[in-house]
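K.L.:
sequence first, then the predicted structure, then my questions.
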Amino acid sequence: MGPGTAGDTDGVRPRRMLTVSLARRIAKQVCVGKRPDDLLRFFACASILPNSVKACVWIDAAVCASFFAKTGNHFSRVMLRDKRGASMVEFALVMLPFFILLFGIIEVGLVFWGGLELENATDDAARMVRTGQAQAANFDEARMKQEICGRVSILADCTAKLKLDMQSFTTFAQMTPPAPLDGDGKLKDEFTFSLGGPQQVVLMTSFYEWPLLSLMSSMGLSNMASGNRLLRASAAFRNEPFPEG
């Protein structure tokens, strides 16, 4: 049967004149699952008319191609308009930088908190040296570390990680601050320890290596080769004229 030829298909006489809209409706049913280049033309029937009356038409491959193109474009437009899950996608995009920034802010606050605690604890311990209490009790370096670490709460493993340098001078002009890092940028293990005598000038310096965890903090706060932050607190004073012995 050729185009425009009357004939029966499944007992139903095909319509010779079909509108473009009707042809597309038939194509929508028969084109699915059929590649446009399989047949140049094929005869198709579909029950799309009222009362289940079939309509038949010769369909060119171009009709199917047009249908597939329109369907694809329609699908693309639907996907672009569909906003379901948009919030989840947006959160996934900003989640990593958001948490990096959040943990960085928290860690910066903790670093300043730790530095403030170390300064206060060093000042309190320095008072014991200035008044002669430490000399009278024969404080050694380990005992002095215990006095400092007993006054802090946020410095983890303080007794083991704290380094203490104490130098005594005759005048303030002679004071020279210690260099806490070696040639490799690591914290030294050995420092000077001298409580000083009556009316001597003492420079007391404590060091603590704070481990930095977040990438943002390491980039901005690190001052050691290991990528950590060296906390430092100093107290310079002249001992009171306490009695020796």
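P.N.:
The structure has been received and is ready for your questions.
K.L.:
break the chain into its domains for me.
P.N.:
20-81, 113-238 (automatic domain parsing).
K.L.:
out of the ones you listed, which gets the lowest mean score?
P.N.:
Least confident of the domains of the chain, judged by mean pLDDT, is domain 20-81 with a mean of 49.
K.L.:
ramachandran coordinates for Ala225?
P.N.:
phi -60, psi -30 (degrees, to the nearest 10).
K.L.:
what packs against the host helix or strand of Asp123?
P.N.:
Asp123 belongs to helix 86-130 when elements are defined using DSSP states H and E. With contacts taken as 3 or more CB pairs under 8 Å, 6 or more residues apart in numbering; DSSP states H and E, helix 86-130 sits against helix 133-136, helix 141-149, strand 201-210, helix 215-221, strand 229-238. The C-beta positions use only the backbone N, C-alpha and C, and glycine is treated the same way.
K.L.:
repeat the analysis, applying 10 Å as the threshold.
P.N.:
helix 133-136, helix 141-149, helix 158-161, strand 163-169, strand 201-210, helix 215-221, strand 229-238 (3 or more CB pairs under 10 Å, 6 or more residues apart in numbering; DSSP states H and E).
K.L.:
and the second one, what does it pack onto?
P.N.:
What that stands for is helix 141-149. helix 86-130, helix 133-136, helix 158-161, strand 163-169, strand 201-210.
K.L.:
for the helices and strands packed on helix 86-130, which one sits closest to Glu107?
P.N.:
helix 215-221 (4.4 Å; CB to CB).
K.L.:
hmm, back to that, how about the helices and strands packed on helix 141-149 in CSV, adding mean neighbour count and distance to Thr192?
P.N.:
Below are the helices and strands packed on helix 141-149 laid out as CSV (neighbours: other CB atoms under 10 Å; distance: least, CB to CB, whole Å):
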stretch, mean neighbour count, distance to Thr192
helix 86-130, 15, 14
helix 133-136, 17, 15
helix 158-161, 14, 19
strand 163-169, 20, 5
strand 201-210, 22, 10
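K.L.:
Glu240: neighbour count?
P.N.:
11 (other CB atoms under 10 Å).
K.L.:
Met128 is in contact with that one, correct?
P.N.:
No - applying CB atoms under 10 Å as the test, Glu240 and Met128 come out as separate, 11.4 Å apart.
K.L.:
pLDDT wise, what is Met17 at?
P.N.:
pLDDT, Met17: 43.
K.L.:
turn the helices and strands packed on helix 86-130 into JSON lines, columns for distance to Glu190.
P.N.:
JSON lines is the format used below for the helices and strands packed on helix 86-130 (distance: least, CB to CB, whole Å):
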{"stretch": "helix 133-136", "distance to Glu190": "20"}
{"stretch": "helix 141-149", "distance to Glu190": "10"}
{"stretch": "helix 158-161", "distance to Glu190": "15"}
{"stretch": "strand 163-169", "distance to Glu190": "9"}
{"stretch": "strand 201-210", "distance to Glu190": "12"}
{"stretch": "helix 215-221", "distance to Glu190": "26"}
{"stretch": "strand 229-238", "distance to Glu190": "16"}
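K.L.:
nearest to Leu116, of the ones you listed?
P.N.:
Nearest to Leu116, of the helices and strands packed on helix 86-130 and by CB to CB, is strand 229-238 at 9.1 Å.
K.L.:
adjacent strands (with direction) for that closest one?
P.N.:
strand 201-210 (antiparallel) (DSSP bridges).
K.L.:
compute the inter-axis angle for the partner strand and strand 163-169.
P.N.:
For strand 201-210 against strand 163-169, the angle by axes from the mean of the first three to the mean of the last three CA atoms, to 10 degrees is 170 degrees.
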